[in-house]
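*Asks:* Generate coordinates for the sequence data below:
(chains A and B)
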Amino acid sequence: MSDFITKSIFEILSQYTTETELAWLEQKSQAESMEVMTAFVACPRFLSKKIIQPSSGDATRLHTELPGFSVQGWSLVRLARVWLLTQLDSSDKETYVNHINTLFDTAELNELVALYSALPLLSYSDQWLFRATDAVRSNMGFVFDAIALRNPYPEKYFSEAAWNQLVMKTIFNDKPVHLLEGLDNRANETLAFILSDFAHERWAAGRSVPAQVWRLVSPFLNETLVNDMRHLLESDVVDNQRAAALVCIASGYEPALKLIAQYPELKNQVSSGQITWADFETNDLNA
Amino acid sequence: MCLNHNQTPNPSHFEDSDAANAPAHRDIAWNDYKDLIAGMRFFDPHIHMVSRTTDDYQAMYQAGIVALIEPAFWVGQPRTGLSSFKDYYSSLVGWERFRSSQFGIKHYCTMGLNSREANNEPLAEQVMEILPLYVYKEGVVGIGEIGFDDQTPAEEKYFRLQLELAKEAKLPVQIHTPHRDKKKGTERSMAIALEHGIDPSWVIVDHNNEETVKSVLDQGFWAAFTIYPFTKMGNERMVKVVEQYGPERIMVNSAADWGISDPLAIPKTAALMKMRGISTDTIVKVTYQNAIDAFGKSGQIDVNDFDQSANNDLTAKFHGNSILRGGQQPVANKNSLLIQ
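*Replies:* The predicted structure follows:
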């Protein structure tokens, strides 16, 4: 783990803590492992309730050091817990892994959130893959959010199948997919077809699909997906029509371009940048 | 409720060794005492809700119990591995706390290795290693219930280790006093606590009776009384204790668990006190305020949270799980927690 990012985190911590609080954290971080772990649990007893809103400079620095990593909107306790985890002695792999696993096994909800938020910063990254995919299966909303949203770990370490499961679960949970780090980088054909099947099931049941999920299919258009775009363009929902226009044009796929040519107004709005995927991005976590 | 004498060979909290000459306990029907305690709020500082039913939660809420403390204890079935302890401790701050909130009752707990299971030393050793990770969790108001059962060397060892943990974590201690050889066990527990330099005002000595109470109070400890039907400390006797010793540093609890016990012990005792003309001020102290003052030293009790639990949302979920089962609808009426 780069020292830079832990220093940056500590720098943010120092802006949100009193002298006493910071001294407590520093002292605990230098103690032996069990004391660091206990401090991880005890944070709410020693730190005040605050929400972290990093300056744009701090946010950029974090993002530069670890792309996709963000502490925006975290509680002070969550940030302090993540920092304490980075201070655990990792020199002996077996001991370190045991310690982290013990924290997972004994964690309550907020501790789990901190642990999953810290995955991209922990040593021996591949050791946490099962935990991470298990969190995707979790029915605890906050735990799911911690691994799925604004967390660079899945993009880096998930297999394609695990990644696709994560995306579909995000859609199922009505969470905004654009908060998944690496959404475009990890787009794949299998996922595009899963999405199409999913949409057909929903449409058959008289239900809808959030328009922004179609951004995942642009590079993989085939006949079936072009038909899906036609279905969207013919629907009464403006967002569906706009999403289909964005997909068709981005795809560069001839049949899709022909299709969108029949909707000159939408086509112009996309070409002139009046419509972008950003229009569909809501931060409603539906918690 | 309270149909039988509790004479099982392994009593949960009390043994009934001699038949009382005078009635020690009186059961009262809800309709006969609800008016006496109307508007009163109660705090049960010792009750094992994992062993109780939804009916109990509903009756407790109806009777005015607004908050409770669930001490970690022996659940009856011996635990064979560390994982069972972990899951049990997690349930005290997790599922059971959530379940309680769904019935409008604020749930706290104390964490500890109980004396009976302290005798399984290899396991006790492992439990002690992870215990610090639980005692600092939010809503943990003490180390408990710890102390003596058979008064073995192993029990003493883990009692002492946990007293040190309480000191380190700045948490009150909830002491379970033994069923057998109670008087000596109580004295020994207090002497050891003092030997470890623990301020007696941070220690709640539980399951007192007329024989133990004076020494406990004289030495500056809190004296808790468990109202377990048809045992030595019935509610009739409790009233007499309060008449004799007054309300200072005395508190009542139900210690209701998997044995024949009564989760309404506190409201019933309060009603009985009222019938005997004991002042409301005294009743409030022994059935509510003293427990809050004692366990509140943990810094984890905020009475404002009590009212918030009353605005519970029965459709809320814990880890995605609801207390409602398929097809059940919550009743929106705050005054009634009955799910029909």
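
*Asks:* list the helices and strands the lengthiest helix in chain B packs on?
*Replies:* Using DSSP state H, we find that the single longest helix of chain B is helix B:153-169. For helix B:153-169, the elements it packs on are helix B:115-118, helix B:121-135, strand B:140-147, strand B:173-176, helix B:182-195, judged by 3 or more C-beta pairs under 8 Å, 6 or more residues apart in numbering or on different chains; DSSP states H and E. Just so you know, the C-beta spots here come from the backbone N, C-alpha and C atoms, and that holds for glycine as well.

*Asks:* Out of these, which gets nearest to residue A:42?
*Replies:* Nearest to residue A:42, of all the helices and strands packed on helix B:153-169, is helix B:121-135, at 8.8 Å by C-beta to C-beta.

*Asks:* returning to that earlier point: out of the helices and strands packed on helix B:153-169, flag the one nearest chain A.
*Replies:* helix B:121-135 (4.6 Å; C-beta to the nearest C-beta).

*Asks:* That closest one vs chain A: in contact?
*Replies:* Yes. Helix B:121-135 reaches chain A (C-beta under 8 Å from any C-beta of the partner chain) through B:129, B:130, B:132, B:133, B:134.

*Asks:* out of those residues, which are buried?
*Replies:* B:130, B:132, B:133, B:134 (16 or more other C-beta atoms under 10 Å in any protein chain shown).

*Asks:* The first one against residue B:82, yeah?
*Replies:* Looking back up the chat, that one is residue B:130. Yes. Proximity of residue B:130 to residue B:82 meets the contact threshold set by C-beta atoms under 8 Å, at 7.1 Å.

*Asks:* Might you list the low-confidence residue ranges for the stretch 1-150 of chain B?
*Replies:* B:1-23 (pLDDT under 70).

*Asks:* Alongside chain A, which residues does it contribute?
*Replies:* So far as C-beta under 8 Å from any C-beta goes, the stretch 1-150 of chain B lies against chain A at B:83, B:86, B:89-90, B:93-94, B:129-130, B:132-134, B:136-138.

*Asks:* hmm, 7 Å instead?
*Replies:* B:86, B:90, B:93, B:94, B:130, B:132, B:133, B:134, B:136, B:137, B:138 (C-beta under 7 Å from any C-beta of the partner chain).

*Asks:* ditto for the stretch 201-340 of chain B
*Replies:* Selection of the stretch 201-340 of chain B residues close to chain A by C-beta under 7 Å from any C-beta yields B:319, B:320.

*Asks:* Where does the stretch 201-340 of chain B get nearest to chain A, residue-wise?
*Replies:* residue B:320 (2.7 Å).

*Asks:* Check the gap between that residue and residue A:143 for me.
*Replies:* Here residue B:320 is placed at a distance of 10 Å from residue A:143 (C-beta to C-beta, to the nearest Å).

*Asks:* Pretty sure residue A:235 sits in a helix.
*Replies:* No. Secondary structure of residue A:235 (DSSP: H, G, I helix; E, B strand; the rest coil): coil, not part of a helix.

*Asks:* so how far is residue A:21 from the residue nearest to the spatial centre of chain A?
*Replies:* Closest residue to the average C-alpha location of chain A: residue A:149 at 2.2 Å, with C-alpha atoms, centre = their mean. Distance from residue A:149 to residue A:21, counting by C-beta to C-beta: 27 Å.

*Asks:* Please give the number of neighbouring residues around the residue in the stretch 101-250 of chain B that chain A sits nearest to.
*Replies:* The stretch 101-250 of chain B approaches chain A most closely through residue B:136 (3.7 Å), counting by C-beta to the nearest C-beta. Using other C-beta atoms under 10 Å in any protein chain shown, residue B:136 has 20 other residues around it.

*Asks:* surely it meets residue A:42?
*Replies:* Yes. Under the criterion of C-beta atoms under 7 Å, residue B:136 makes contact with residue A:42 at 3.7 Å.

*Asks:* Return stretch B:151-168 as PDB; C-alpha atoms alone will do.
*Replies:* Presented in PDB, the C-alpha positions along stretch B:151-168 are these (Å, rounded to 0.1, in the frame of the first residue of the first chain):
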ATOM      1  CA  GLN B 151     -16.700 -20.800  42.700                       C
ATOM      2  CA  THR B 152     -13.900 -22.800  41.000                       C
ATOM      3  CA  PRO B 153     -10.400 -21.500  40.400                       C
ATOM      4  CA  ALA B 154     -11.200 -21.200  36.700                       C
ATOM      5  CA  GLU B 155     -14.200 -19.000  37.400                       C
ATOM      6  CA  GLU B 156     -12.000 -16.800  39.600                       C
ATOM      7  CA  LYS B 157      -9.400 -16.500  36.900                       C
ATOM      8  CA  TYR B 158     -11.800 -15.300  34.300                       C
ATOM      9  CA  PHE B 159     -13.700 -13.100  36.700                       C
ATOM     10  CA  ARG B 160     -10.500 -11.200  37.500                       C
ATOM     11  CA  LEU B 161      -9.400 -10.900  33.800                       C
ATOM     12  CA  GLN B 162     -12.800  -9.500  33.000                       C
ATOM     13  CA  LEU B 163     -12.700  -7.000  35.900                       C
ATOM     14  CA  GLU B 164      -9.400  -5.700  34.400                       C
ATOM     15  CA  LEU B 165     -11.100  -5.500  31.000                       C
ATOM     16  CA  ALA B 166     -13.900  -3.400  32.600                       C
ATOM     17  CA  LYS B 167     -11.400  -1.100  34.100                       C
ATOM     18  CA  GLU B 168      -9.600  -0.700  30.800                       C
END
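
*Asks:* What lies in contact with that stretch?
*Replies:* B:112-113, B:115, B:118-119, B:121, B:124, B:128, B:131-132, B:135, B:143, B:146-149, B:173, B:178, B:181, B:185, B:192-193, B:196, B:198 (C-beta atoms under 7 Å, 6 or more residues apart in numbering or on different chains).

*Asks:* quick one: the strands in chain B?
*Replies:* Counting by DSSP state E, chain B has strands at residues B:42-44, B:65-71, B:106-111, B:140-147, B:173-176, B:203-205, B:222-226, B:250-253.

*Asks:* now those as TSV including mean neighbour count?
*Replies:* Listed next are the strands of chain B as TSV, based on neighbours: other C-beta atoms under 10 Å in any protein chain shown:
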stretch	mean neighbour count
strand B:42-44	27
strand B:65-71	26
strand B:106-111	25
strand B:140-147	29
strand B:173-176	29
strand B:203-205	28
strand B:222-226	26
strand B:250-253	27
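
*Asks:* And residue B:321, what's its pLDDT?
*Replies:* pLDDT, residue B:321: 75.

*Asks:* is it in a bridge, and if so with what?
*Replies:* residue B:318 (DSSP bridges).

*Asks:* can you tell me the residue of the stretch 51-200 of chain A closest to chain B?
*Replies:* Counting by C-beta to the nearest C-beta, the stretch 51-200 of chain A gets nearest chain B through residue A:139, at 2.7 Å.

*Asks:* Please report the number of neighbouring residues for that residue.
*Replies:* Other residues lying near residue A:139 total 12 when counted by other C-beta under 10 Å.

*Asks:* for residue A:174, same thing?
*Replies:* 10.

*Asks:* hang on, it is in a helix, isn't it?
*Replies:* No. In this structure, residue A:174 is coil, not part of a helix, as judged by three-state DSSP.

*Asks:* follow-up on the earlier one: kindly indicate which of the residues of the stretch 1-150 of chain B next to chain A lies nearest residue B:236.
*Replies:* The closest of those to residue B:236 turns out to be residue B:93 (C-beta to C-beta; 36.2 Å).

*Asks:* isn't that closest one right next to residue B:135, touching?
*Replies:* No. Under the criterion of C-beta under 7 Å, residue B:93 is not in contact with residue B:135, lying 10.5 Å apart.

*Asks:* that older thread, quick one: the longest helix of chain B to helix B:182-195, angle?
*Replies:* Here helix B:153-169 points in a direction 40 degrees away from that of helix B:182-195 (axes from the mean of the first three to the mean of the last three C-alpha atoms, to 10 degrees).

*Asks:* In space, what's closest to residue A:46 - neighbours in sequence excluded?
*Replies:* Leaving aside its chain neighbours, residue A:46 sits nearest to residue A:24 (5.2 Å; criterion: C-beta to C-beta, 6 or more residues apart in numbering or on different chains).
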